[in-house]
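Asks: below are the sequence and a predicted model for it; my questions follow.
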There are 2 protein chains.
Amino acid sequence: MTVQLRRDDLHASVSDPESASMNFLNEVAARFPDAISLAAGRPYDGFHSTDDLERYLRGYLAHLEALGLDDEQRQRRLLQYGRTNGYLGALIARMLLVDEGIEVPEQAVMVTSGCQEAMVIALRGLCARPGDVVLAVEPCYVGLTGAARLLGVEVVPVPESADGLDPDTVPAVAAAVRASGRRPRALYLVPNFANPSGASMPVAARRRLLDVAAEQDLLILEDDPYGLFGLGDEPRPTLKALDTGQRVLYLGSFAKSCFPGARVGFLVADQTVVDAAGRRTLLADELSAVKSLLTVNTSPVAQAVVGGFLVEAGCSVRAAGKAKTAFYRGNLRALLAALETSFGDDARVRWNTPAGGFFAVLDVPLTVDEAMLETSGREYGVLWTPMSFFYAPGSGGGRRSIRLSCSALPPERVGEGVRRLAELVRDRAEPR
Amino acid sequence: MTVQLRRDDLHASVSDPESASMNFLNEVAARFPDAISLAAGRPYDGFHSTDDLERYLRGYLAHLEALGLDDEQRQRRLLQYGRTNGYLGALIARMLLVDEGIEVPEQAVMVTSGCQEAMVIALRGLCARPGDVVLAVEPCYVGLTGAARLLGVEVVPVPESADGLDPDTVPAVAAAVRASGRRPRALYLVPNFANPSGASMPVAARRRLLDVAAEQDLLILEDDPYGLFGLGDEPRPTLKALDTGQRVLYLGSFAKSCFPGARVGFLVADQTVVDAAGRRTLLADELSAVKSLLTVNTSPVAQAVVGGFLVEAGCSVRAAGKAKTAFYRGNLRALLAALETSFGDDARVRWNTPAGGFFAVLDVPLTVDEAMLETSGREYGVLWTPMSFFYAPGSGGGRRSIRLSCSALPPERVGEGVRRLAELVRDRAEPR
């Protein structure tokens, strides 16, 4: 007798609604390959080639040699099992200092198999008991809500404003959680050019949020994949750079600054942990037990590639990434200009004006669900992401809003994509 | 006010006893670097060099070119986000057919960030509800029990015999689980040269286990990292090769056949899943949602390295790995010969005679706990692993047994390690 498994006998994360949404997006993209995708939030393909891999590997090996590792040690470093928290702590700590003014010891850095694993590890370590929940800005990056579902951790939404998360909305949400007997452990957000909304927090609000977190005894999970890509050069301090009380765990990615195929991210956890005997350790070291149970350690081969990239960049991805920053600025400007051209005269349509990053949000006078996306791909040749994908299922949030991404396109395609989208809106707008 | 976290406010997996044990082992090894380690179960360092990395990368790129991928497609394959279940399905399915006689479609293969992630994904997908438990052979590989603890899945031990897991012990354990209102979902074991015991199941017992699994409606999680390294050349069918009813999920590793630094493993899940509407899918495809929430996908750079290795090996790691097999055979024979030389006259000491793999178990007339291991490192210059690490904490199992590993040592050191261990046993044996 051959086994037949029932789908509803598998874990809820298998039927993760966000995964299903992303699968749907991928399917639609595959069915309409000629459509212009304002849906794909991946980085542009043009910055790296496979030749870079060998150069980075050699650069990292030369770096290890300069540090005094002999042949055998270098070989072991790349090919053998290795340190659970990885080998890039010093280079990443240097990068954070140079680029962001974040000062943390290298021991506080854990290298992860992409930023997604960093989220899983942070949530797993911090949410210890059934009533431990994580607060998260809504609309929210699906990787965070998915990681929580995988672990059975409840996510409580905190609504975002046009200026990103408003710190003064946090206490009431935390109080309601506590009143129900649960414990809010941490608050997740993307302060710079958020995915999906594009919103950013003003500096004053960042400082205020750190105060609120201290008052509410919350840790902050700061996710910052887009911080490099501001439209202007003005400094934009991360929460972690402002964090004098070690409230912030910082989630980092090299997917946009280097390339996604390395699958290397990191977690900064410089908090002190005290055990019953008074022994003090670093949170990053405690969380290494979780990391070892998930993936043992991040591929040292992948770490070497990113290590070589960092060495070549002199540990400043800001300085080394100027071409990338210029490209994404150009695309975002092209997107905003095209929105003005195509929708400037239509009072029923509104959009925000992000100060950087990969995304903007367009509010439209029609319901933009999966069926409408399919219509858009088939009849109008343009793809986008329903904002409803980023709200709690059933909440009704984002029903008439679209996430537009401009990161993966050649710049000359952005305007044409928006023009096609304008046709859809013109044809399908619902009567008032 | 600076945050101070309480260790007992972090998740139980942070204080994972197995992680603590492994940390203790690593600390002891670091403190006594001149001790001979019969503890380290890692592969020998001498088979690969960092030069192999570039050769494998080029080999995989040439393979992709032969498959018809142009420059741009090859670049995207290695550097961009990629398919959740990875790109090595066809090469791995071919390897499984050639080397193991396992016939599965390439779509049933998920590439994972090491075998550890495959365990987490399988457990997470299958154990859907609080009462869903996994049965596992005891003594058990700590990666499995740790993965279960991370997910809050209970592990119910099934005691191992000298011939590995005895299928006829399973029904009573499963019945007891059911009687307590829980549901046994799967049974984990290592049928070939188990870690830690070295035991192997006879072929007849393998067939019987598949029948028992069908009777008890259990899935089997077959972990097979050591199958290549039998002392003899006789065929030793995996459970998956014998599995006509799709009862078996097969967990694979390239850490020993290729090298650990790639951190590439895989999961074979060819089971059919049916949803409420009668739609049929492959379990591997369903589990991809879990994989995407853990690590998005396995580093395509790391996959390319292993892909190049497989292409170079003609998809037969058995044929290509003859030097590795010969080395490990030599070391295991040296270990068994040294045990005979050092302990053959001591009736108080017994050991098993594994038919292959990296490990053997020595029963000694003394309690071999962490304190004794430290003494052994400091005073006798030899390290080993207490078998108690592989039993449920507090069970008292393995208190007077030692796991000996011979995989990481140059062969000439094995005998000297055992000689030193014999001194410890002679000096520290407890009076009868």
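Replies: Looks like it arrived, so ask away.
Asks: near chain B, which residues of the stretch 301-432 of chain A show up?
Replies: Within the stretch 301-432 of chain A, the residues that sit near chain B (Cβ under 8 Å from any Cβ of the partner chain) are A:301-302, A:305. (Each C-beta comes from the backbone N, C-alpha and C, glycine too.)
Asks: so residue A:50 touches residue B:76, yeah?
Replies: No. Using Cβ atoms under 8 Å, residue A:50 is not in contact with residue B:76; the gap is 9.9 Å.
Asks: between the two, who's got more neighbours?
Replies: residue A:50 (21 against 18; other Cβ atoms under 10 Å in any protein chain shown).
Asks: for that one, give me the pLDDT.
Replies: pLDDT for residue A:50: 96.
Asks: next, give phi and psi for it.
Replies: Backbone torsions for residue A:50, taken as degrees, to the nearest 10, come to phi -60, psi -20.
Asks: which SS state does the nearest residue to residue A:342 once chain neighbours are set aside fall under?
Replies: Of all residues not flanking residue A:342 in the chain, residue A:422 sits nearest, at 3.9 Å (Cβ to Cβ, 6 or more residues apart in numbering or on different chains). Three-state call for residue A:422 (DSSP: H, G, I helix; E, B strand; the rest coil): helix.
Asks: walk me through the domains of chain A.
Replies: As given by automatic domain parsing, the domain ranges for chain A are A:11-40+A:321-428, A:54-319.
Asks: ranking the residues of the stretch 301-432 of chain A next to chain B by neighbours, who comes first?
Replies: residue A:305 (31 neighbours).
Asks: so how far is residue A:46 from it?
Replies: Residue A:305 is 18 Å from residue A:46, where distance means Cβ to Cβ, to the nearest Å.
Asks: do residue A:383 as well
Replies: Plainly put, residue A:383 is 20 Å away from residue A:46 if you go by Cβ to Cβ.
Asks: more neighbours, these two?
Replies: Neighbour totals were compared for residue A:383 and residue A:46, and residue A:383 leads with 23 against 12 (other Cβ under 10 Å).
Asks: surely the more buried one touches residue A:35?
Replies: Yes. The criterion here is Cβ under 8 Å, and residue A:383 meets it with residue A:35 at 5.0 Å.
Asks: please enumerate the shared neighbours of the two.
Replies: Taking Cβ atoms under 8 Å, 6 or more residues apart in numbering or on different chains as the criterion, residue A:383 and residue A:35 both touch A:29, A:376-377.
Asks: show residues contacting the helix or strand harbouring residue A:30.
Replies: Per DSSP states H and E: residue A:30 is located in helix A:17-31. Outside of helix A:17-31, the residues within contact range by Cβ under 8 Å, 6+ apart are A:13, A:35, A:37, A:39-40, A:142, A:145-146, A:370, A:373-374, A:377-378, A:383, A:385-386, A:389, A:393, B:289, B:292-293.
Asks: packing partners for the next helix or strand after it?
Replies: As assigned by DSSP H and E, the chain's next helix or strand after helix A:17-31 is strand A:36-37. Under the contact criterion of 3 or more Cβ pairs under 8 Å, 6 or more residues apart in numbering or on different chains; DSSP states H and E, strand A:36-37 touches strand A:382-383, helix A:411-428.
Asks: how about a cut-off of 10 Å?
Replies: Applying 3 or more Cβ pairs under 10 Å, 6 or more residues apart in numbering or on different chains; DSSP states H and E, one finds that strand A:36-37 contacts helix A:17-31, strand A:382-383, helix A:411-428.
Asks: now it: mean pLDDT?
Replies: Rounded mean pLDDT across strand A:36-37 is 96.
Asks: partners of that strand in the sheet?
Replies: As defined by DSSP bridges, the strand partners of strand A:36-37 come to strand A:382-383 (parallel).
Asks: nearest spatial neighbour of residue A:318, skipping sequence neighbours?
Replies: residue A:99 (4.5 Å).
Asks: now do residue A:293
Replies: Nearest non-adjacent residue to residue A:293, counting by Cβ to Cβ, 6+ apart: residue B:146, 4.1 Å away.
Asks: from residue B:21, how far out is that neighbour?
Replies: Taking Cβ to Cβ as the measure, residue B:146 falls 10 Å from residue B:21.
Asks: neighbour-wise, which of these two wins?
Replies: More crowded of residue B:146 and residue B:21, by other Cβ under 10 Å: residue B:146, with 25 against 18.
Asks: least trustworthy helix or strand in chain A by mean pLDDT?
Replies: Taking mean pLDDT, DSSP states H and E as the measure, chain A has helix A:17-31 as its least confident helix or strand, at a mean of 85.
Asks: tell me where the stretch 51-200 of chain A has helices.
Replies: A:51-66, A:71-79, A:89-100, A:114-126, A:142-151, A:170-179 (DSSP state H, counting those that start in this stretch).
Asks: pick the most buried one from those helices.
Replies: Mean neighbour count (mean count of other Cβ atoms under 10 Å in any protein chain shown) peaks for helix A:114-126 among the helices of the stretch 51-200 of chain A, with a mean of 27.
Asks: tell me what angle the longest helix along chain A forms with helix A:411-428.
Replies: As assigned by DSSP state H, the longest helix anywhere in chain A is helix A:322-343. With axes from the mean of the first three to the mean of the last three Cα atoms, to 10 degrees defining the directions, helix A:322-343 sits at 30 degrees from helix A:411-428.
Asks: can you pull the pLDDT of the residue lying closest to residue A:194 once chain neighbours are set aside?
Replies: The shortest distance from residue A:194 to any non-neighbouring residue, by Cβ to Cβ, 6+ apart, is to residue A:164 (6.4 Å). Residue A:164 carries a pLDDT value of 97.
Asks: just the element for residue A:304, please.
Replies: helix A:300-312.
Asks: name the helices or strands packed onto that helix?
Replies: Counting contacts by 3+ Cβ pairs under 10 Å, 6+ apart, helix A:300-312 packs against helix A:51-66, helix A:71-79, helix A:89-100, strand A:109-112, helix A:317-320, helix B:51-66, helix B:300-312.
Asks: again, only this time at 8 Å
Replies: helix A:51-66, helix A:71-79, helix A:89-100, helix B:300-312.
Asks: buried residues in it?
Replies: A:300-311 (16 or more other Cβ atoms under 10 Å in any protein chain shown).
Asks: repeat that for stretch A:213-230.
Replies: For stretch A:213-230, the buried set under the neighbour-count rule, 16+ other Cβ under 10 Å, comprises A:213, A:216, A:218-230.
Asks: got the contact list for the residue lying closest to residue A:88 once chain neighbours are set aside?
Replies: Spatial nearest neighbour of residue A:88, excluding adjacent residues (Cβ to Cβ, 6+ apart): residue A:111 at 5.0 Å. By Cβ under 8 Å, 6+ apart, the residues touching residue A:111 are A:85-89, A:92, A:264-266, A:297-298, A:303.
Asks: scan those and report the most crowded one.
Replies: If you count neighbours using other Cβ under 10 Å, the busiest of the contacts of residue A:111 is residue A:298, which has 34 neighbours.
Asks: and the gap between that one and residue A:141?
Replies: In terms of Cβ to Cβ, residue A:298 sits 21 Å off from residue A:141.
Asks: same question for residue A:220.
Replies: Counting by Cβ to Cβ - residue A:220 and residue A:141 are separated by 15 Å.
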